[in-house]
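Trainee: Can you look at this prediction? I've put the sequence above it.
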Amino acid sequence: MNKITEKQTGARIWQIAKAVMFAFMGIRKESDLEYDAATLKPAQVIIGGIIGAIIFVLSIMLVVRLAVS
């Protein structure tokens, strides 16, 4: 059974987070990329990217504060 036909109704939060995380790192298998493109909506990816960027910036700020203090 094809992975794309298994779930056409929408994406889970974990799938969105995983897609955004791999996009930040720049690594992704082509089959996973095609699956994400078929199941994720652009708005989901944009919101996930914004949330991921905020979490990334806050974690960097936390690491810097811990290193400086």
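Mentor: That came through fine.
Trainee: Now the helix or strand hosting I60: buried residues?
Mentor: Here I60 sits within helix 42-68, counting by DSSP states H and E. Using 16 or more other CB atoms under 10 Å as the test for burial, helix 42-68 gives Q44, V45, G48, G52. C-beta: built from backbone N, CA, C; applies to glycine.
Trainee: show me what contacts the last one?
Mentor: Under the criterion of CB atoms under 8 Å, 6 or more residues apart in numbering, the neighbours of G52 are A17, V20, M21, F24.
Trainee: Tell me which residue is most central in the protein.
Mentor: The residue lying closest to the centre of the chain (CA atoms, centre = their mean) is V20, at 1.8 Å.
Trainee: which stretches of this protein have low pLDDT?
Mentor: Along the chain, the parts satisfying pLDDT under 70 run over 1-11.
Trainee: okay, now L40: neighbour count?
Mentor: By other CB atoms under 10 Å, 17 other residues sit near L40.
Trainee: ok, now A17?
Mentor: A total of 15 residues lie near A17 under the criterion other CB under 10 Å.
Trainee: Remind me which helix or strand it belongs to.
Mentor: Using DSSP H and E, the secondary-structure element containing A17 is helix 13-25.
Trainee: Between helix 42-68 and that helix, find me the angle.
Mentor: 60 degrees (axes from the mean of the first three to the mean of the last three CA atoms, to 10 degrees).
Trainee: how about the helix or strand following helix 13-25: buried residues?
Mentor: The element immediately downstream of helix 13-25 (helix or strand, assigned by DSSP H and E) is helix 30-39. Applying a neighbour-count criterion of 16+ other CB under 10 Å, one finds Y35, D36, T39 buried in helix 30-39.
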